[in-house]
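This is a predicted model, with the sequence first.
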Amino acid sequence: MPKVKTRKAIKKRFRLTATGKVKHRCAGTSHLALRKSKKRRRQLRGTKLVDSTEAGWLRKALGKYSY
């Protein structure tokens, strides 16, 4: 059987917590932030957890980085 390759784009954008949940950086934070309201910018700070329905295939796509 061939090795399962890691999807590099997903590896760059997602990380796993110790309990196996998938976290990601919020979209819309890198540039053009001045036009967004202060409340919206504040709520986009930090990382958020991915919904459990999508976490399964993300773990599979992460390959060896998903333990």
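Sure, I can see it.

just checking, what's the longest helix in the chain?
helix 52-62 (DSSP state H).

which secondary structure elements does that helix contact?
On a contact count with 3 or more C-beta pairs under 8 Å, 6 or more residues apart in numbering; DSSP states H and E, helix 52-62 meets helix 8-13, strand 14-16, strand 22-25. (Glycine included, C-beta is placed from N, CA and C.)

Export these as a markdown table, with columns for mean neighbour count and distance to Y67.
Shown next, in a markdown table, are the helices and strands packed on helix 52-62 (neighbours: other C-beta atoms under 10 Å; distance: least, C-beta to C-beta, whole Å):
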| stretch | mean neighbour count | distance to Y67 |
| --- | --- | --- |
| helix 8-13 | 12 | 13 |
| strand 14-16 | 17 | 8 |
| strand 22-25 | 16 | 13 |
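
Can you add distance to K48 and mean pLDDT and give the ones you listed back as a markdown table?
Formatted as a markdown table, the helices and strands packed on helix 52-62 follow (distance: least, C-beta to C-beta, whole Å; pLDDT from 0 to 100):
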| stretch | distance to K48 | mean pLDDT |
| --- | --- | --- |
| helix 8-13 | 12 | 94 |
| strand 14-16 | 11 | 95 |
| strand 22-25 | 6 | 96 |
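
That'll do, ta.
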